[in-house]
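Peer 1: My questions concern the predicted model and sequence given below.
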Amino acid sequence: MLEQIQKKHFSQLPPLNLIWGLEGKRGQRKTIRLASFWPERMEIRLHPFLKDPRIPEYYLKYLLFHELCHAHLMSQGETSESHHHNDEFYRLEKRFESYQKATLWEEEHLSEILSEHQD
């Protein structure tokens, strides 16, 4: 899925790895980070709870696209601080073909599913 999205939208980026796993030590965060881009490792990490069968594929694709937006902006010379969800980031993110559908699903369903996966 990652390769497909990257090839279609961000073909100039080098190959990235997709990792399923938790980020940081337990108890450090009060919220779950669904996905993250790690430039030093050239990887995108997805939280394991996203394997829940109720999570639609288009939402997973949206999360991957979101992280690829971070990777793209960093490849353009922006630092992680300068591009973190600024206007350019949001403009780029809205290019995802299922952006509205994914963000609506997130708004309507994600908190319920997340609450089941909290410790």
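Peer 2: Yep, it's here.

Peer 1: Can you give the distance of the helix or strand containing His72 from its chain's centre?
Peer 2: His72 is part of helix 57-75, with elements assigned from DSSP states H and E. From the chain centre to the centre of helix 57-75 is a distance of 5 Å (CA atoms, centre = their mean, to the nearest Å).

Peer 1: buried stuff in that helix?
Peer 2: Neighbour counts over helix 57-75 (16 or more other CB atoms under 10 Å) mark 59-74 as buried. Every residue, glycine included, has its C-beta placed from N, CA and C.

Peer 1: now do stretch 9-22
Peer 2: For stretch 9-22, a neighbour-count test (16+ other CB under 10 Å) marks His9, Phe10, Leu16 as buried.

Peer 1: Below-threshold pLDDT in the chain: ranges please.
Peer 2: Where the chain drops to pLDDT under 70, the residues are 23-31, 78-83, 118-119.

Peer 1: re the thing from before, point out the other elements, helices or strands, that the helix holding His72 touches.
Peer 2: Judged by 3 or more CB pairs under 8 Å, 6 or more residues apart in numbering; DSSP states H and E, helix 57-75 is in contact with helix 2-9, strand 35-38, strand 43-46, helix 80-83, helix 87-93, helix 99-105.
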